[in-house]
Structure formats: structure tokens, C-alpha cells
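Engineer: Model the structure of this input:
(chains A and B)
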Amino acid sequence: MDTGLSFGHFVGALTVPTTIAVKHGPLLVMHPIDYAVLVVYLLFVVGIGVLTGRKQKTSEDFFLSGRSIPSWITGLAFISANLGALEVMGMATSGYEYGMITANYYWIGAIPAMVFMGVAMMRFFYGSKVRSVPEFLNKRYNEGTRFVNAITFAIFTPAISGISMYALALVLQDFLGLNFNVSVLISAAVVLVYTFLGGLTASIYNEVLQFFLIVFGVAPLTIIALIANHGWAHFKHWLKTHQRYAIYPKKVAAATTHKLHAVAASATHSMHAALHGGAATHTPATAVATAGVKLSGSQWLHTWAHMGGINNPLQISWPGVVLGLGFVLSFSYWCTNFLVVQRALAAKDLTAAQDTPLLAAFPKMLFPFIVILPGVLAIPLIPHLLPSGHGISPTKTFNNVMPLMMAKYYPAGLLGLGLTALMASFMSGMAGNVTAFNTVVTYDLYAAYIRPNAPDKHYLNFGRLMTVVGIIISVAFAYAVAGSRSIMGYTQNIFGVVNAPLISVFLLGMFASFTTPMGGFAGIIIGTLTSATLFVLRFPGLPMAHTFNNGTSGAFWCAVWSFCAGAAATIIVSLFTKNKPREQLVGLVYQLTPKPEAHDVPVWRRPLFIGIVALICTLILNLLFW
Amino acid sequence: MIDLRLPIGIFFILVGIIITIYALVSPTYIPNITEHINIDLYWGIVLLIFGVPMTLFGWIAEKKAKASSGDRPSDASNK
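Structural biologist: Numbering: from 1, shown residues only, chains lettered A, B, ... in the order given. So this is what the prediction gives:
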């Protein structure tokens, strides 16, 4: 959810999906072979739950897999837990809307943070033997800091997975004619069975299966889209000779549904022209005003080339992307979010834990080619697509570009694999959220404040109960979103707001020994309050409504400012308050932790070396799509 | 714990067999393009190429773990 969190601001359109039923029968028809693939998948995920369930003897087995998993498995789970249905489908959507610039969410918005996590931060998370991220905050700072972090995490995690569930059930309803209730209940039941039985191990093992399934189910789309475009060179030439309108996300989001409907109904032709050039001179002024400025289609192929100013499809310049996305949002997510950190904590030793985000960086950097590129390649293949809204059919919105591409180009057989991959992406995201939720609620809320010092068996049972509760909250949230879709946008945005300044408190905690418990507490409170205030001030009609040229730019810059506020508060309060005794900070702070003995490890196996290789590979990818 | 490569490999072998046999029995081509490409056949084979070595390595690791530790579970053997 580099994507989830940053993505919430970014794909404003994604937060307003349509619920219009396809009137002339389902767009996709599943054949018996497609059902066969789906059934085999469901049997395997439940089977893995049953197999791993036998090993759950202690709470540490259930919540942390007994810290026994090799790094290649935790590494793939690290990526997969983040690959929810919203991310997989949303990335293709962004590819269609903004082009290859979306890859920045991976190449600057994920890889550097993952490398930093493995090289610099994991030593303190894993080395201190904490069981969760809030527990680390308690050890380094105080109970208050832990409580703020634990309670926000516990509130938002099941909500986010409910949103993902809603999005998937909606696609299944729109494209397969599958009943919304049936798909919500079946997918929730399957996730419940395997997370209840096998805890984190089942979740991680299934995440690895789901990772491969997503790759094999979605990758053919890129290959087929290249064939349909008559090759990459032909596609590039097509884009260079066409113009597109960059859509201002803020304007589209602010447009009334009536206006969107009017644009869709009365000016489909004009909008088509607006999006794809050609007859653009005949475009009525209303459509142009809603759509934005016209740019050369070749801009949809670049990540950085047009970011000197805001004249690019995303309408944002490079400092905002580097500082806001590449540093604050990305580091706050990849280095502090327990959903991903938990996968590394399950690793069998410190080396495996450090390797987890580092090994994950390599497949992660290639993901744009299977999730973003199909959306970009769809530009000439499925024209006419619009932002979603009332009055716009699910088959006419680029929110659904991935299932639309599958519907157009996947034959029976491959279709089963593709749809199962979407289902798998949803399940891996949901199981990741639920296993992180039950751990934080059990260790950081229940065992910390309600029932400390209970027998281990009691926490194991309570964790299982919280698994059920987490899934019930997710399902309830899916229905809440179905009732009022604006909840979805607010939840994603607020989660981003809460998370944005966290990294300041962690960085100062791990790398500055002078920061005090009260300093950390002040940092988390002031950072979050600043972030929330700046978020509210950007609402229409409020003082900062027009400060930024669009919502994405606003989200990036406000993250930077709230980071600064959180860091300043931590430093200033630390100067005037009492610190913990130094011996209590050993293993938690860089200066006070003995350096690990690494002379018997060959250079190529050291975290720093693997991290540098990952960064060089990412740099090469950036240059290729500059 | 079971070596994870084993279930993953078996899963992709099963799905690969299902899709390959389907492609051989009733060839389906990629819709909406001019070329006749039986993508199910090619992709089914790709799945098998992935699944077979996964299963083999997983199976060998399981056997080794069992041989070296009697009937002790092979928690750390799946690297």
C-alpha cells in the first residue's frame, strides 16, 4: 500500500466507483475451465491453512510464525501483503490515466525505503525482539506513543481491507454478474478459515502462493497488449503522433456528479477527442474545462523527463515527488507500517529479517511491467474511458481498465487464471491486514492495558477471536462503503494523514540517542495533528483549497510539512525533558547498539551490498523510462 | 512445517495441466487480435515449466530434512 496510502490521494477517481449494473448480461462469462482454476486455488489456500494450523502451539507461533521462516518466503510475503486488489487494479488505472509516471510509486516511492529498512532499520526492529511496531515505540519512548500508534493502526487496518473487499466484489458483480453478498461472504470465509487456523504462517505461506498467482495471472496481459499494439515501437509511435488531455484530479474530483454525467452523456465524442487528440479542435469548452490541458502522448512514456515543471500527466514537479512520495510517505509506509514489518519479524534470524525487504526489492521493481504497463498499453486499445461517476457504466471507466483488458483479450482458461489472480490479490491484502490487526490488538492493546500477565494460551485464543473480529469489521466496512461511497475516500485519505509523519519519530528514535520519551510522544501527536489540519484546510472553501494545483501535489507537500513538524516537536521537547537511562536504549538506538560481527559473511551477502545492487538496478530502470 | 515449494509447485502443475489440456482439446485463440495465437497452450506450458522444478526442489529438500533429522519437522529446511 505504498500505493494504498499514497494512492488514496492519487487516484481520486478510484474512490468513487460506480455501482451501475450491466444491463445486457455480464461482460465476462466464466467457462467450466475457469471455475476449475478458481476451485483448485480455493482448495490450496484452505489446505495451506489446515497444514500450518497444526503447528500453532503458542501465541508467538500464531502471531510471529515462531520466528522461523526463511527470507525468500518472508520477502515475497512482504510484497504480497501490500498487493491488495485495489493496488493491482488501481495501478493499471493510473497507468491508463497518467502513464509510466505511475512507476514512480515503485521506483522512488518504494525501493529506496525498502533498502533503507533492510540496511539500517531492521537491526533495531528484529534485534530488540519486539513483537510489533507499537511495542518498539513503547521500548524506545513510552506507553503513550505506543497507544497512539496501536489504536490508529487497529482502527484503520480492517477498514482498509473492507474497502479492498468492496472494490473486488463490485468488479465481480459488474463483470461476472456475481452477487455482491456472495462474493463478499465467500472471500471473507476463505480468508477467515486459513488465518484462523494457521495464523501468520498460513497468511505468509498463502501470500507467497498468491504472489506467484498474481504474476502468472496478470503478466500475460502485458504480453498480449504488446502484441495487440503491434509491438513496443509501434505503440510509442502511436503515442507520439497523438495528443491526450492530462486530467486535473482535483477538478475531476470536485466536479459534481451531474457535471460528470453531462460530460459522459452529451459529450462522449468530445471527451474521446479530449483524451485522444484527433478532433480536439471540436471539443466543447465544458469538456476541456473538466479534462485539463493537452499534452503530447509521448509524455505518457516517461517517469521524470517532464517533471521539471508541472506540465506532465500527473501535473506535479519533481521536488514534491522526491521529498513527499520518495521520502516521507514511502519511508513512513515501508519502514514503520506493521503490516509489512510483521513479515520481516517472522524471519528465522536477523540476517533473514534484513534480507526480507532487500530481496523483496528486486521483484517489486519489476512489478510496474505487469500492473502499470497493461494500463498504459490500453490507451490505444480501449479508448473512450472516463473517470468513474454516476451515470458512467462500469465498462466505460478507466477504474476498470484491468478487468476490461482481461475481458477483451483473455480467452477461457487464461481468464480463470486472471480472475483468480485478482481474487488472490484481494485475499493476500486482507489476510495481511487481519494478521497485523490481531497481533496489535492482542499484544499492544489487550495484553498491555486490559489483561496483562495472562497465560500464553489465553493470548493465543484471544488472537484467534480477534481474527474473527477483524474479518467481521472488514465485512461491515465493505457494506458501509457500499452504502456511502464517500466513506472510502475519507478512510484512505485519513489513513494516509495519520501515517505520513510517523517516520520522523522513528528516524529520530533510532538514530538520535538524545530524543526522550516525551519528545517521541510530542512528535507523534504534533505530526499527526499538523497532517490532519493541513488535510482539512485543503477542503473546498477553506484557506488552502487552492494552494496546490492538485490533490496529489497537496498530499505530497503536506506530508513533508507534517514530517518537519513532527521532527521539530520531537527535538524541541527532547531538549527539555528527561531521557531514559542509556542502558535501556541498547539495541534500540544506533549509537548505543554494538555493531554486528560481519567478518565471516562474504561481501555479496551483506545487506549493504544487496541494497546498493537494488538501488543501481532501480536507477537503471529510471533511466530506461526517463 | 512443509517445504513451501512443494504445495506451490503442485498447484502450478495442476493449473498448468488443466489449461494445457484444455488448449489442446479445444484450441482458443486470443480474441480481438489478427494473429492466431493459442495462448492457453503456451501459458499452460509456462506454468508447468515453473511448477515442475518448484515441486522437485521442494520434494528433495523435504527428503533431505527428513533424512537428517529423523521425523523432526523441517521448519528451517525450506531455504
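
Engineer: Can you report phi and psi for A:Thr397?
Structural biologist: Torsion angles at A:Thr397 (phi, psi; degrees, to the nearest 10) stand at phi -110, psi 140.

Engineer: Without its sequence neighbours, what residue ends up closest to it?
Structural biologist: Among residues not flanking A:Thr397 along the chain, A:Ser388 sits closest, at 4.0 Å (CB to CB, 6 or more residues apart in numbering or on different chains). C-beta here means a position set from N, CA and C on the backbone, and glycine is covered the same way.

Engineer: Show me which residues of the stretch 401-550 of chain A sit near chain B.
Structural biologist: Counting by CB under 8 Å from any CB of the partner chain, the residues of the stretch 401-550 of chain A close to chain B are A:Lys408, A:Tyr409, A:Tyr410, A:Pro411, A:Ala412, A:Gly413, A:Leu414, A:Leu417.

Engineer: Nearest residue to the second one in space, please, no chain neighbours.
Structural biologist: Put plainly, it is A:Tyr409. Among residues not flanking A:Tyr409 along the chain, A:Ile224 sits closest, at 4.6 Å (CB to CB, 6+ apart).

Engineer: what's around the one you found, how many residues?
Structural biologist: If you count neighbours by other CB atoms under 10 Å in any protein chain shown, A:Ile224 ends up with 26.

Engineer: now swap in A:Ala448 and tell me
Structural biologist: A:Ala448 has 17 neighbours, counted by other CB under 10 Å.

Engineer: cool, the one 5 residues further on as well?
Structural biologist: Residues lying near A:Asn453 (other CB under 10 Å) number 6.

Engineer: Please determine how far it is located from chain B.
Structural biologist: Applying CB to the nearest CB, to the nearest Å, the value for A:Asn453 to chain B is 29 Å.

Engineer: Could you pull up phi and psi at the closest residue to chain B within the stretch 251-400 of chain A?
Structural biologist: Taking CB to the nearest CB, chain B has its nearest neighbour within the stretch 251-400 of chain A at A:Lys348, 5.8 Å off. Main-chain dihedrals, A:Lys348, degrees, to the nearest 10: phi -80, psi -30.

Engineer: which parts of the strand or helix carrying A:Ile620 are buried?
Structural biologist: A:Ile620 is part of helix A:607-624, with elements assigned from DSSP states H and E. By neighbour count with 16 or more other CB atoms under 10 Å in any protein chain shown, helix A:607-624 contains the buried residues A:Pro607, A:Ile610, A:Gly611, A:Ala614, A:Leu615, A:Cys617, A:Thr618, A:Leu621, A:Asn622.

Engineer: Who are the packing partners of it?
Structural biologist: Packed against helix A:607-624 by the contact rule (3 or more CB pairs under 8 Å, 6 or more residues apart in numbering or on different chains; DSSP states H and E) you find helix A:104-107, helix A:111-116, helix A:350-366.

Engineer: tell me the angle it makes with helix A:350-366.
Structural biologist: Interaxial angle, helix A:607-624 versus helix A:350-366 (axes from the mean of the first three to the mean of the last three CA atoms, to 10 degrees): 0 degrees.

Engineer: taking the mean pLDDT, what do you get for helix A:607-624?
Structural biologist: Mean per-residue pLDDT for helix A:607-624: 94.

Engineer: go on, stretch A:439-459?
Structural biologist: 92.

Engineer: Pretty sure the residue nearest to A:Tyr409 sits against A:Met406.
Structural biologist: No: at 9.5 Å, A:Ile224 does not count as touching A:Met406 under the criterion of CB atoms under 8 Å.

Engineer: re the thing from before, and for the helix holding A:Ile620, what's in contact with it?
Structural biologist: Residues outside helix A:607-624 that contact it (CB atoms under 8 Å, 6 or more residues apart in numbering or on different chains) are A:103, A:107-108, A:111-112, A:114-116, A:118-119, A:122, A:303-304, A:354-355, A:358-359, A:361-362, A:365, A:603-604.

Engineer: Buried members of the residues you listed into ChimeraX, please.
Structural biologist: In ChimeraX syntax, the buried subset of the contacts of helix A:607-624 is picked out as below (16+ other CB under 10 Å):
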select /A:103,107,108,111,112,114,115,116,118,119,122,303,304,354,355,358,359,361,362,365
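
Engineer: and the longest helix seen in chain B with chain A, contact?
Structural biologist: Looking across chain B with DSSP state H, the single longest helix is helix B:39-68. Yes: Helix B:39-68 comes into contact with chain A (CB under 8 Å from any CB), by way of B:Ile39, B:Asp40, B:Trp43, B:Gly44, B:Val46, B:Leu47, B:Phe50.

Engineer: Output the contacting helices and strands for that helix.
Structural biologist: Contacts defined by 3+ CB pairs under 8 Å, 6+ apart place helix B:39-68 against helix A:180-228, helix A:414-439, helix B:5-25.

Engineer: Let me know which of those helices is tucked in deepest.
Structural biologist: The highest mean neighbour count among these, using mean count of other CB atoms under 10 Å in any protein chain shown, belongs to helix A:414-439: a mean of 28.

Engineer: next one: the helix or strand following that helix to chain centre, how far?
Structural biologist: Going down the chain from helix A:414-439, the next helix or strand is helix A:456-483, by DSSP H and E. Put simply, helix A:456-483 sits 21 Å off its chain's centre (CA atoms, centre = their mean, to the nearest Å).

Engineer: Report the closest residue of the stretch 51-200 of chain A relative to chain B.
Structural biologist: For the stretch 51-200 of chain A, CB to the nearest CB, closest residue to chain B: A:Pro70, 3.9 Å.

Engineer: Could you do the stretch 501-626 of chain A as well?
Structural biologist: Proximity of the stretch 501-626 of chain A to chain B (CB to the nearest CB) peaks at A:Arg605, 13.0 Å away.
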